[in-house]
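Asks: Fold the stuff below for me.
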Amino acid sequence: MTTVALIGLVAFGVGLLLFLIIVVRIQAFAALLLASMVVAVLGGVPLAEIPAVIQEGMGRTLGYIAIVVGLGAMLGQLLQVSGGAERVARTLVGRLGEERAPWALGLTGLIVATPVFFDVALILFIPLVYGLARRSGRSLLYYAIPLLAGLAVAHSFIPPTPGPVAVASLIGADLGWVIVVGLLAGLPAMVVGGIFFGRTIAGRMHLRVPEYMLPEVNPGPASASAESGSTAPTADAELPGFGLVLALIGVPLSLILLGTVSRVTLGDGHPLRALFALIGHPFSALLVATLLAFWLLGTRRGYSAEEVRKVATAGLEPVGMIILVTGAGGVFGNVLVAAGVGDALASLMAGSAMPVVVLAFLIATVVRVAQGSATVAMVTAAGIVAPVIQAGSYSPPMLGALTIAIASGATVLSHVNDSGFWLVSRFLGMSEAETLRSWTVMATLVGLVGFAVALVFSALV
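Replies: Numbering: from 1, shown residues only. Take a look at the predicted model:
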């Protein structure tokens, strides 16, 4: 096939995927597999080889993503159930004071949502937002927007959350560099989208705690049930220590960064390089952190071995679909490679002035706006860009920047086809128009700032 025909095949594949998800309402996992098979047939992949191409794409992706996401989910569940996440919020707000509460909430979201899913973290901390708004008389958005910005940044930019891990797996990025670029992009994104915009929108929209949440709200920090939003205050002495929680969250990030630094600074024959490569691999780093959490947040604090096991198992239950959708994204990318799209896109990029970082961001943005799911947008964009990367030669820092560019595109312009849009609307008691003016603008600012940092970083490496 000609280059033009192959590029048209990519556009058709994406269009078919969006049609299946949006119009036909097929589940994303099945839609990705069906679109991959159609693209393989139209791309000239021999019919007898298509099953092997699908199996290869799924297996190569899941061999990495399933372990990382599974371990991260167990760690996050232990932090939630033990009260570790609540401890972070209480301590930051207590130390910074209510006047600096937006900063505390933004940092809380950024720290806690790294191992804890976005919706769980929002449900967990929304009572704290209610309490601060009621005591101060300020608009609910003054506190909610910084929290949401921190959660959005961690959810999209910082491993071991599934999105950036999935993209890194699909394009072959080093998680250490993803963490570095994610933090460089995420901190200013949280400040601009959360702190600065939060103050602005709070001055224009004065929201009170929704009446339907008042009977179940405690003014102080509390843990919440995922079903009803009800609260159950926990005595401060019963929560794990702040330093302990930060250490547990920091262990996998530090070990992964150690592995990355050792690969850059130590020669091939250095005796410590192999050791650091092992302990700094995401598998080892997350396993160490999870086992420490089993002990420090579990058995040492009075949980039986059976109770710890049940908590860890409960953490694994929500991640099945994330893992399967990511694997299907790997299938889509592998089919494109088998059809020769990688070479076609690489030659097209060589004759174009558009940086690959910009292409990745735009693809993720289009898919995000069209179908809503950030995860589907990330894996779809990564699957399309992966053949370009395999056909080219990109440094580990550049691949980290590409991962964050894709994550940024999958963050912008959240609207009515995004479940996060409705979750925020419900908990803040906003109409669709108010949610567009606040949450959607905040998410877009986070994505744009993240992309700007990734673009600048890519130009420097």
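Asks: Can you spell out which helices and strands pack onto the host helix or strand of P102?
Replies: Using DSSP states H and E, P102 maps to helix 101-112. Packing partners of helix 101-112 (3 or more CB pairs under 8 Å, 6 or more residues apart in numbering; DSSP states H and E): helix 84-96, helix 118-136, helix 140-157, helix 175-190, helix 242-265. The way it works is simple: take the backbone N, C-alpha and C, and place the C-beta from them, glycine included.
Asks: and the longest one with helix 101-112, angle?
Replies: So that's helix 242-265. Using axes from the mean of the first three to the mean of the last three CA atoms, to 10 degrees, the inter-axis angle of helix 242-265 relative to helix 101-112 is 60 degrees.
Asks: Now do the buried residues in helix 242-265.
Replies: For helix 242-265, a neighbour-count test (16 or more other CB atoms under 10 Å) marks 242, 244-245, 248-249, 251-253, 255-260, 262-263 as buried.
Asks: measure A305 to G298 for me?
Replies: 8 Å (CB to CB, to the nearest Å).
Asks: more crowded one of these two?
Replies: G298 (21 against 10; other CB atoms under 10 Å).
Asks: residues contacting the more buried one?
Replies: L78, S82, E307, V308, V311 (CB atoms under 8 Å, 6 or more residues apart in numbering).
Asks: By pLDDT, rank those residues and give me the bottom one.
Replies: On pLDDT alone, S82 ranks lowest of the contacts of G298, at 83.
Asks: With adjacent residues omitted, what lies nearest to it?
Replies: Leaving aside its sequence neighbours, S82 sits nearest to L297 (CB to CB, 6 or more residues apart in numbering; 4.1 Å).
Asks: same question, L255
Replies: That would be A285: by CB to CB, 6+ apart, it lies 3.7 Å from L255.
Asks: what helix or strand is that neighbour on?
Replies: Going by DSSP H and E, A285 is part of helix 282-293.
Asks: Report the helix or strand with the lowest average pLDDT across this protein.
Replies: In the chain, no helix or strand scores lower on mean pLDDT, DSSP states H and E than strand 223-224, which sits at a mean of 38.
Asks: For the stretch 301-450 of the chain, just list every one of the helices.
Replies: Assigned helices in the stretch 301-450 of the chain, in chain order: 305-316, 320-338, 341-350, 356-371, 374-391, 396-409, 419-428, 432-435, 441-460 (criterion: DSSP state H, counting those that start in this stretch).
Asks: which one of these lies closest to I158?
Replies: helix 396-409 (9.3 Å; CB to CB).
Asks: counting contacts, what elements does the closest one pack onto?
Replies: Helix 396-409 packs on helix 140-157, helix 162-171, helix 175-190, helix 356-371, helix 374-391, helix 441-460, going by 3+ CB pairs under 8 Å, 6+ apart.
Asks: Now with 10 Å, please.
Replies: Secondary-structure packing of helix 396-409 (3 or more CB pairs under 10 Å, 6 or more residues apart in numbering; DSSP states H and E): helix 140-157, helix 162-171, helix 175-190, helix 242-265, helix 356-371, helix 374-391, helix 441-460.
Asks: pull the CA atoms of stretch 179-199 into CSV?
Replies: What follows is stretch 179-199, C-alpha atoms only, in CSV (Å, rounded to 0.1, in the frame of the first residue of the first chain):
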residue,chain,number,x,y,z
ILE,A,179,7.9,10.1,36.5
VAL,A,180,10.5,12.9,36.0
VAL,A,181,8.6,14.6,33.1
GLY,A,182,5.3,13.9,34.8
LEU,A,183,6.4,15.8,38.0
LEU,A,184,7.9,18.6,36.0
ALA,A,185,4.7,19.0,34.0
GLY,A,186,2.3,18.1,36.8
LEU,A,187,3.3,20.6,39.5
PRO,A,188,2.8,23.7,37.3
ALA,A,189,-0.3,22.2,35.8
MET,A,190,-1.8,21.7,39.3
VAL,A,191,-0.8,25.3,40.3
VAL,A,192,-2.3,26.9,37.1
GLY,A,193,-5.4,24.8,36.8
GLY,A,194,-6.0,24.3,40.5
ILE,A,195,-4.8,27.2,42.6
PHE,A,196,-4.9,30.1,40.2
PHE,A,197,-8.0,29.1,38.2
GLY,A,198,-9.7,27.9,41.4
ARG,A,199,-9.4,31.4,42.9
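Asks: circling back to that earlier point, among the buried residues of helix 242-265, which one sits closest to A433?
Replies: Closest to A433, out of all of those and judged by CB to CB, is I249, at 36.9 Å.
Asks: The closest one and R87 touch, don't they?
Replies: No. Applying CB atoms under 10 Å, one finds I249 not in contact with R87, separated by 11.3 Å.
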